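J.: fold the following and give me the result.
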Amino acid sequence: MSYYKHHVFFCCNQRAEGESCCNNLGATEAQTYAKDRIGQLKLKGKGKIRVNKAGCMDRCDEGPIIVVYPEEIWYHYVDKEDIEEIIQEHLVQGRVVERLKI
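T.: Residues are numbered from 1 along each chain as shown. Coordinates of the predicted model:
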């Protein structure tokens, strides 16, 4: 059994100026929002949800991106509304958000 029900990784890689990267598209702010929301919803901790920053996941051209384990579902997002939808639908309800899946 996994330590967390869901482990969410946000690519927060920062590449050199002019190169495509998730962090240039608001990844750090999105990760902070998700981590705070999981805390507000009291879903943080063992057997629940963990939200982490990650280095390059080598998909920056599709970014910004996150991956949710243990399901190994990759998502692209644009704004906080997309992150909130992933939280509510996937992390809370267990339903993959098909429109954001990559």
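J.: list the buried residues of the helix ranked longest in the chain.
T.: The residue-count maximum for a helix in the chain (DSSP state H) belongs to helix 27-40. Residues of helix 27-40 classed as buried by neighbour count (16 or more other CB atoms under 10 Å): 27, 29, 30, 31, 33, 34, 35, 37, 38. (Glycine included, C-beta is placed from N, CA and C.)
J.: go through these and name the one nearest residue 4.
T.: residue 38 (10.7 Å; CB to CB).
J.: confirm for me that that closest one is in contact with residue 51.
T.: Yes: the criterion here is CB atoms under 8 Å, and residue 38 meets it with residue 51 at 5.6 Å.
J.: pLDDT check: weakest of the buried residues of helix 27-40?
T.: The lowest pLDDT within those belongs to residue 27, with 93.
J.: touching, that residue and residue 9? I think so.
T.: No: checked against CB under 8 Å, the pair residue 27 and residue 9 is beyond contact range at 10.7 Å.
J.: give the contact list for the residue nearest the centre of the chain.
T.: Taking CA atoms, centre = their mean as the criterion, residue 66 is the residue nearest the geometric centre of the chain, at 3.7 Å. Applying CB atoms under 8 Å, 6 or more residues apart in numbering to residue 66 gives the contacts 8, 9, 10, 11, 30, 34, 74, 75, 77, 86.
J.: what's around residue 53, how many residues?
T.: By other CB atoms under 10 Å, the residues close to residue 53 number 15.
J.: what helix or strand does residue 14 sit in?
T.: Assigned by DSSP states H and E, residue 14 falls within no helix or strand.
J.: quick one: it and residue 29, what's the gap?
T.: 13 Å (CB to CB, to the nearest Å).
J.: tell me the average confidence for whichever strand or helix holds the residue nearest to the centre of the chain?
T.: Residue 66 is part of strand 65-69 when elements are defined by DSSP H and E. Mean per-residue pLDDT for strand 65-69: 97.
J.: stretch 83-97 too?
T.: pLDDT averaged over stretch 83-97 gives 97.
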